[in-house]
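> Sequence and predicted structure below; questions after.
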Amino acid sequence: MEKTASKRWRESGSTLTFKEWINRENQKGQASSESFIPFDGGFAHADGITLDTSAVNATISDSIKQAQADINTVSGLKTTASNTTLGIDNNVLLFSTVLIAASLVWYFHSRAKKS
C-alpha cells in the first residue's frame, strides 16, 4: 500500500510546513506540470488507490486528435436525404402504389362493363 503525501511528510521529519515541503518535492520530481504529487506516480486517494492521471490525459488527447482527423476527412461528404419510408425503399413503395392503383382501376372498369 502506497503512502499518502501527508504520511511521507510526517515520516520525513522535515521542519518545513506541509505546503512548503510538497512544493519542494514537486520541484524535485518535475514529472508533469499538472501533477500535484508527481513522486507518488499519480494522485493517492484516502482508500489507497493511486490513479495515474498522465495516462488518462494522454488517452483523452489522442482521442480528441483522432476525432478531429475523422471530422476533417468526412467534412467533404454530402449528406443525403433518407431513401426509405417506414423502413421500405421509396422505389419499392412507389412501384407497389402504382401496381395497387392500376389493379383497382382495372377491377372497377371491368365491373362497370358487366353492368
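Nice, thanks for sending it over.

> Endpoint to endpoint, stretch 12-25 covers what distance?
This stretch, stretch 12-25, spans 11 Å end to end (CA to CA, to the nearest Å).

> Can you tell me which residue is spatially central in the protein?
Nearest to the centroid of the C-alpha atoms of the chain, with distances taken as CA atoms, centre = their mean, sits residue 63, at 7.9 Å.

> pLDDT of the helix or strand hosting that residue, averaged?
Under DSSP states H and E, the secondary-structure element containing residue 63 is helix 53-74. Averaging pLDDT along helix 53-74 gives 77.

> How far does the longest helix along the chain sit from its chain's centre?
With DSSP state H setting the assignment, residue counts place helix 90-114 as the longest helix in the chain. Relative to the chain's own centre, helix 90-114 is displaced by 52 Å; criterion: CA atoms, centre = their mean, to the nearest Å.

> count of residues packed around residue 3?
13 (other CB atoms under 10 Å). Bear in mind the C-beta positions are built from the backbone N, C-alpha and C, glycine included.

> so it, which of the three states?
Three-state call for residue 3 (DSSP: H, G, I helix; E, B strand; the rest coil): coil.

> how near is it to residue 115?
Here the criterion is CB to CB, to the nearest Å. By it, residue 3 lies 102 Å from residue 115.

> try residue 17
For residue 17 relative to residue 115 (CB to CB), the value is 109 Å.

> which of these two has more neighbours?
With neighbours defined as other CB under 10 Å, residue 17 and residue 115 compare such that residue 17 has more, 10 against 4.

> and that one, what are its phi and psi?
phi -70, psi 160 (degrees, to the nearest 10).

> Use 42 as the first number from now on
Noted, 42 is the first residue going forward, which turns the last one into residue 58.

> and it, how far is that from residue 48?
Looking at residue 58 against residue 48, where the rule is CB to CB, the gap reads 16 Å.

> Start and end of stretch 109-123, how far apart?
Taking CA to CA, the first and last residues of stretch 109-123 lie 26 Å apart.

> Lowest mean pLDDT among the helices and strands of this protein, which one is it?
Counting by mean pLDDT, DSSP states H and E, the chain has its least confident helix or strand at strand 84-85, which shows a mean of 52.
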